[in-house]
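In: just the structure for this:
(one chain, ligands or ions: 1)
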Amino acid sequence: MTASAATTPPPGATVPTLAGATITPGDLMRAGSYDMCFGCGTGHETGLRVQRTAFDEDVVLGHFLVTDQHQGAPGLAHGGLLATAMDEILGTAAWSLGKMAVTGRLETDFRAPVPVGSTLYLKAWCTGVEGRKIYLSGEGRLGDPDGPLAVQAAALFVEVPREHFTKER
Ligand SMILES: CCCCC/C=C\C/C=C\C/C=C\C/C=C\CCCC(=O)SCCNC(=O)CCNC(=O)[C@H](O)C(C)(C)COP(=O)(O)OP(=O)(O)OC[C@H]1O[C@@H](n2cnc3c(N)ncnc32)[C@H](O)[C@@H]1OP(=O)(O)O
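Out: Residues are numbered from 1 along each chain as shown. As a prediction, this is how the structure comes out:
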């Protein structure tokens with residue numbers, strides 16, 4: 001993955017484990033998600049409906065089915081939607097640390113086309129935390145958690161107060 005300096009943890013950044021989280025993986029799984037979230041909401045008719053399936057050690061896992069609603073070129077997933085899927089799983093990894101955080105920067109490498117009808121298996125992990133800045137990496141694989149690599153991502157999430165989500169409304 002060709003990650004920029006902005007998404008690479010600086011020397012001295014700590015790498016937290018889920019063991020130190022104030023929100024446990026179980027809490028997060030139970031909390032579910034916002035129903036109309038384009039990434040994970042089950043109430044969203046054309047959204048990705050990313051399902052988070054497991055918190056395995058310090059990695060979060062998920063997957064989604066690529067449908068004909070998600071096309072860019074005929075029969076292939078749109079790259080922007082694949083970036084959205086990565087945003088979703090990276091965000092899950094950030095929130096699973098017990099931090100409310102939003103995407104500041106998201107970088108993606110598209111390694112292979114993703115056909116309609118395929119399932120993209122998602123994985124994300126935290127690479128470091130410094131102050132409010134949370135550094136994350138992730139990947140998407142075709143058809144199987146160990147299938148061919150299709151997408152790689154690196155991101156900087158920034159921790160925000162609860163008011164971030166209410167002050168504009
Ligand atoms: C978010 C989901 C909410 C859902 C809630 C519902 C249910 C919860 C259940 C489960 C949740 C599970 C998973 C979540 C899943 C998906 C997540 C999707 C996430 C998104 O899709 S979310 C939407 C897109 N996102 C935005 O809408 C952000 C807009 N933006 C801002 O709101 C501000 O921009 C902000 C807050 C980012 C920073 O603003 P600020 O004023 O607080 O702080 P400041 O600017 O000082 O930045 C602090 C330090 O970060 C560095 N920094 C910042 N941005 C940078 C960049 N781009 N590149 C390089 N460095 C950057 C600075 O350089 C500084 O670094 P330093 O401290 O070293 O100087």
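In: buried residues, whatever helix or strand residue 126 lives in. List them.
Out: In the assignment (DSSP states H and E), residue 126 maps to strand 119-130. The neighbour-count check on strand 119-130 (16 or more other Cβ atoms under 10 Å) flags 119-129 as buried. The C-beta positions use only the backbone N, C-alpha and C, and glycine is treated the same way.
In: for the ligand, what's its nearest residue on the protein.
Out: Distance from the ligand to each residue of the chain (Cβ to the nearest ligand atom) is smallest for residue 91, at 2.3 Å.
In: that residue: what secondary structure?
Out: helix (DSSP: H, G, I helix; E, B strand; the rest coil).
In: that one contacts residue 103, doesn't it?
Out: Yes - using Cβ atoms under 8 Å, residue 91 is in contact with residue 103, at 6.7 Å.
In: overlap in contacts, the two.
Out: residue 157 (Cβ atoms under 8 Å, 6 or more residues apart in numbering).
In: compare the two (neighbour count), which wins?
Out: Higher neighbour count among residue 91 and residue 103: residue 91, with 26 against 16, using other Cβ atoms under 10 Å.
In: next up, the contacts around the more buried one.
Out: 39, 101, 103, 157.
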